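A.B. asks: missing the sequence, but the structure's below:
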C-alpha cells in the first residue's frame, strides 16, 4: 500500500466550502414556518422564584408560547449524569444535575427560567422583557474557598459543605518517605482556566415531521450520537425516530459536549408541542453565563526532593470549583490529579481533592480539561526546587524524566477513562533537547541574558514539560464505501469543529483505496448516516475514529482486490491500485475503475455468494484499551517593561511528540491554536465574579481573547514515539498546545524581573500585567 | 406618525452587485438582513457587540461590522459579502486560495469576516510587512488558529497579487 498522502501536509478538503461561505452552520438552517426561542435567565446567582407573571408577554403580537418549569409536566427532569465517578476507593460524589428550567430556586446567573417561542427572535426577546418575576434573593456561595468553608450558604440545601465530591488517590507512601527528603517545597497555588469562547456560540434547531413521526435536530454539539440517544429516551421516541445533525461547528474546545444543556432538551420538545420548527441561537451575552466554564482550583502542594533534585514524592490537597451542578462528573479534577505527575518519576504521591458546588455557571472540560491546573503545580514546584538547589529549570526536569526503557509506565492511580493511569510510550529527553536547542537555552543564559540585563533590559527565559493523556475509549466506528462514481465515501459518528477530519480521514482512506485524496468524501456528525459513536473530546478523534476508518478502509481494499482479481482472472498479488483504477502489475493500460468494480460487486442478476456481501464497503469499530500519552516541552524568551509590566514574547518554541503524524499542517495548526488559548489563559483571560456571583466581565470587550498582536510566531519540532495501542501509532494533539503555557509564563516573568531576589514568587494564573505589578510590589 | 423600532421601512440597496428592495423593521440588524432575509449565510455572527469581527462585510468597499449596522442604514449603499469573493463558481480568489494553501482556517467561522477585512486591506496596502498584517488583522478574533497561518496566508496573497498585477 502506498503512503502517498499519510504523513504529508495535504491541503484541506473542507476549505473551499468554508472560504466561500457555503458551509452549513446551525444558524444557517432556515425552515418554512420556523419559530424562534429566547430564554429568560436568572439575573441572580441564588434566589427563590416567588412568582412568574407572563400575562403581558402572552398578549404580545407574534408570541406563540411561553413555558415555565411547571408547564413541562413529567418532561421536567434533572439531566443525566454524563460521566459517573471513577472507581476510586472511598470516593464521595453528590450528583446534582442541571434542570431544563429552574423550578422554585435558581443556582447561578444565566440559569434558564422561562422559554418564550415567537415568530421572530426580536419578538421573543421583547416578550422576555415583558415577563415579571418576583425574586427572593438568597445568600450566595461564589468564591471557591469561601464556598468550601463552614459558614458558606448551601448551593443545594441537602448538600452540607457544598461538597460535590471528595477523592483521595495515592501511590507509594508519601508520609513515610517525605521525612527523608533533603528539601520539602510547600506552596499554595491558584489556577484559573476561564472559558472557551468559540467564535460560534451554541445553537439548536429542531423540526418535528408529524407525518413521518420523525424528529430532526441540528445541534452545535461535539457528540451527536449521544444527543440522539438521550433525546430519544427523554421524548419517549426510538433512536431511529431521531436524527441529530452536527453540521459545521464553529469551534468547540470542550463545552459543546456538555450533555444535556437545558436548551438542547427544550427546543426539540417545543418543536413537537407546537408542530413547527424552532430555532434557538445563543447570543454572546448568554454564552458567558449559560455555556460551561472551566475556571479554577486552589492547590496546597508540597514536593519532597533529594539533594540532587530527584523527586521523592508529591503531596497535594486541592479544591475544585464545579459550579452549581456536576453532570460531567469528575473528569476535570481527575485530570488535574493525574496530569500533575507529568513526565516524571514520582515514587510517592498523595493527592486529595474536594469538588465544591458554587453559585456559578457549571464547570466542564475546556481544552486541557484540568490538565493545566495539575501541570502548573508540578512545574512550579520543580522551578522552586531547582532554584533552592542551584539547578536550572531544564536540569531538574531532565534528572526526573521517566527513562525511555520504563514504558509502559503505570502510575497506579485511576485516570479519567477509569483505567490505571499508564503511559503507553514516550521519550522525553530528546523533546527537551529539541526545545532547548531551538530556543538557544544555554547561549541565552550564559551570553544573551547577561548582556541584555547590563543594558537594563528585563529579559527572561523559561522551559516547561508536560504529558497529555489522549485518545481514550470507549470506541468510534466508520463505514467506508466505494461509490459507483468511483469516489469513496466515509461516514463516522464523531462531530467536527475545525480539526480537519475531512482531510486527515481522507488521507487514510486515499492511501488504502488508491484514490486521490479529494475523491474521498467524509460525512461526520449525522446520526442517520452513522449510528454508533461517542464524540469528539479528549484529543481522540484522529486516534479512535482514525483507526476505525483505517481498519474499514483496509477491508475495502481487500474487497477491491478480490473483485478485480475475479474480473481479470488473476491473483490479487498481480494487481495494483492507483488513481482510482485497478490494473495488472506493470500494465496500467489494462485497468478497471473502482466505480466499475463497485457496480460489479452489486450485480443486477446472478447471486451474491453466501457469506459475502454486496458492494465494496466495510464497517469497523476501534476501541483502545486505554489512552495514548502524548508529550511535549515549551520554551519562551520574553522581555517585560518594568514600568507597565507589559510583556513581549520574543521567541516561542514548541517540541512535541504526538506519535505518528497524519498531516503535519493540521498538527501545526492544532498546536498553534492551543498555544494561543494557553497564552490567553496564562496572561489575561479571567472570569471575574463578585461576592454576589455576578460575572463582571461578560463580554468580549471585557473578557479579552488573544489577537494577532498577542500570539507570537512559534518554532516547532516534532519527535515521534509511536503509540503501541493502535495500528497507526498515533496520539492525540488537540489539547497539547494549551496545557503548559501557564507555568511557562510564571517562570519567564519571574526570571525577567528577577523576582526571587525580592522573595516574590508567581504562584497563580492568570498573570495579567496589573496582577504582576501588584505581586511584584509584595501585594497579596 | 411616530416611528418605533418595529416600524417598517422600505429600503433599496445593492448586495454583491444585485439590487434588492425590501421592507424591514427599523431595528433589524444588517447581519440579520443579509443572513435571514437574503439567505447570504456566509456572513457569520460571533458576538453582536462589534468585537469579534466575524460579521465583517464591505460597506461601499470599506470593512464594516454588520452586527453594529441596521439594515436601514444600508439604504442606497453597496454591500459586499464573502459570497462575492470567488471569481467564478468552483474557483477561489487569490486570497481564498492562499488561506487554503497555508491552512489559515480551522473551524472557519471567523474566516468570512477575516477575508472581507483583509481583501480590502490588501487592495489599499499591496506590500505589507508581517507587523502591518498583524495590526490590520487585530480587529478580527480567531479562536482556533493562533493567527500564524492567517498571517502567512495574507502575506502570500499579497505576493501573489503583486506578481499577478505585474504579469
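C.D. replies: All right, it came through fine. On a predicted model such as this, the values are computed, not experimentally measured, just so you know. Residues are numbered from 1 along each chain as shown, chains lettered A, B, ... in the order given.

A.B. asks: per-domain residue ranges of the chain.
C.D. replies: Going with chain A. Following the assignment in automatic domain parsing, chain A carries domains at A:15-22+A:473-622, A:202-281, A:422-470+A:628-780.

A.B. asks: actually, chain B is the one I wanted.
C.D. replies: B:8-84, B:94-166.

A.B. asks: related to what we said a few turns ago, closest to chain B out of the domains of chain A?
C.D. replies: Nearest to chain B among those is domain A:15-22+A:473-622; the distance by C-beta to the nearest C-beta comes to 1.8 Å. Backbone N, C-alpha and C define where each C-beta goes, glycine included.

A.B. asks: endpoints of that closest one, how far apart?
C.D. replies: Start and end residues of domain A:15-22+A:473-622 are separated by 28 Å (C-alpha to C-alpha, to the nearest Å).

A.B. asks: how far off centre is that domain?
C.D. replies: How far domain A:15-22+A:473-622 lies from its chain's middle: 28 Å, per C-alpha atoms, centre = their mean, to the nearest Å.

A.B. asks: is any part of it close to chain B?
C.D. replies: Yes: for domain A:15-22+A:473-622, a contact with chain B is found by C-beta under 8 Å from any C-beta of the partner chain, at A:15, A:16, A:18, A:19, A:20, A:21, A:22, A:497, A:498, A:499, A:500.

A.B. asks: residue A:157: neighbouring residues, count only.
C.D. replies: Residues within reach of residue A:157, counting by other C-beta atoms under 10 Å in any protein chain shown, total 9.

A.B. asks: name the SS class of residue A:629, please.
C.D. replies: Recorded secondary structure, residue A:629: strand (DSSP: H, G, I helix; E, B strand; the rest coil).

A.B. asks: in this structure it contacts residue A:427, no?
C.D. replies: No: here residue A:629 does not reach residue A:427: they are 11.2 Å apart, not a contact under C-beta atoms under 8 Å.

A.B. asks: neighbour count for the two, which is higher?
C.D. replies: residue A:629 (27 against 18).

A.B. asks: circling back to that earlier point, buried deepest among the domains of chain B, which one?
C.D. replies: Comparing those by mean neighbour count (mean count of other C-beta atoms under 10 Å in any protein chain shown), domain B:94-166 comes out on top with a mean of 22.

A.B. asks: quick check: end-to-end length of that domain?
C.D. replies: 15 Å.

A.B. asks: now that domain: average pLDDT?
C.D. replies: Mean pLDDT, domain B:94-166: 97.

A.B. asks: now swap in stretch A:517-528 and tell me
C.D. replies: Across stretch A:517-528, pLDDT averages out at 96.

A.B. asks: do stretch A:426-444 as well
C.D. replies: Across stretch A:426-444, the per-residue pLDDT values average to 98.

A.B. asks: same question, stretch A:301-310
C.D. replies: The average pLDDT for stretch A:301-310 rounds to 98.

A.B. asks: over to stretch B:28-42?
C.D. replies: Taken as a whole, stretch B:28-42 has a mean pLDDT of 98.

A.B. asks: check stretch A:575-595 too.
C.D. replies: Throughout stretch A:575-595, pLDDT has a mean value of 93.

A.B. asks: buried sites along it?
C.D. replies: Buried residues in stretch A:575-595, counted by 16 or more other C-beta atoms under 10 Å in any protein chain shown: A:575, A:576, A:577, A:580, A:581, A:582, A:583, A:591, A:592, A:593, A:594, A:595.

A.B. asks: over to it now: how far is its first residue from its last?
C.D. replies: End residues of stretch A:575-595 are separated by 16 Å (C-alpha to C-alpha).

A.B. asks: go on, stretch A:247-256?
C.D. replies: 13 Å.

A.B. asks: how far does it sit from its chain's centre?
C.D. replies: 9 Å.

A.B. asks: and that stretch with chain B, contact?
C.D. replies: Yes: Stretch A:247-256 reaches chain B (C-beta under 8 Å from any C-beta) through A:248, A:249, A:250, A:251, A:253.

A.B. asks: and that stretch, average pLDDT?
C.D. replies: Here the average pLDDT along stretch A:247-256 is 96.

A.B. asks: just the closest residue of chain B to chain A, please.
C.D. replies: residue B:42 (1.8 Å).

A.B. asks: ok, that residue to residue B:94 distance?
C.D. replies: As for residue B:42, its distance to residue B:94 is 18 Å (criterion: C-beta to C-beta, to the nearest Å).

A.B. asks: host element of residue A:372?
C.D. replies: helix A:371-389 (DSSP states H and E).

A.B. asks: next structured bit after that helix?
C.D. replies: helix A:393-400.

A.B. asks: pull the distance from that following helix to the chain's centre.
C.D. replies: On C-alpha atoms, centre = their mean, the centre of helix A:393-400 falls 29 Å from that of its chain.

A.B. asks: taking helix A:371-389 as reference, get the angle to it.
C.D. replies: Angle, helix A:393-400 to helix A:371-389, by axes from the mean of the first three to the mean of the last three C-alpha atoms, to 10 degrees: 100 degrees.

A.B. asks: can you mark which positions in the helix or strand just after helix A:393-400 are buried?
C.D. replies: Note on helix A:393-400: by DSSP H and E, the next helix or strand toward the C-terminus is strand A:409-414. The neighbour-count check on strand A:409-414 (16+ other C-beta under 10 Å) flags A:409, A:411, A:413, A:414 as buried.

A.B. asks: partners of the first one in the sheet?
C.D. replies: Assessed by DSSP bridges, residue A:409 has beta-bridge partners residue A:423.

A.B. asks: what about the strands in chain B?
C.D. replies: Using DSSP state E, the strands of chain B run over residues B:8-15, B:18-25, B:56-59, B:62-65, B:78-80.

A.B. asks: other residues contacting the shortest one?
C.D. replies: The contact list for strand B:78-80 (C-beta atoms under 8 Å, 6 or more residues apart in numbering or on different chains) reads B:13-17, B:30, B:34, B:57-61, B:66, B:116.

A.B. asks: one more time with 6 Å, if that's ok
C.D. replies: B:14, B:15, B:16, B:57, B:58, B:60 (C-beta atoms under 6 Å, 6 or more residues apart in numbering or on different chains).

A.B. asks: what of the fourth one?
C.D. replies: With C-beta under 6 Å, 6+ apart as the test, strand B:62-65 has contacts from B:50, B:55, B:56, B:116, B:117, B:120.

A.B. asks: can you redo the residues you listed as JSON lines with distance to chain A?
C.D. replies: Formatted as JSON lines, the contacts of strand B:62-65 follow (distance: C-beta to the nearest C-beta, whole Å):
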{"residue": "B:50", "distance to chain A": "8"}
{"residue": "B:55", "distance to chain A": "11"}
{"residue": "B:56", "distance to chain A": "12"}
{"residue": "B:116", "distance to chain A": "10"}
{"residue": "B:117", "distance to chain A": "11"}
{"residue": "B:120", "distance to chain A": "16"}
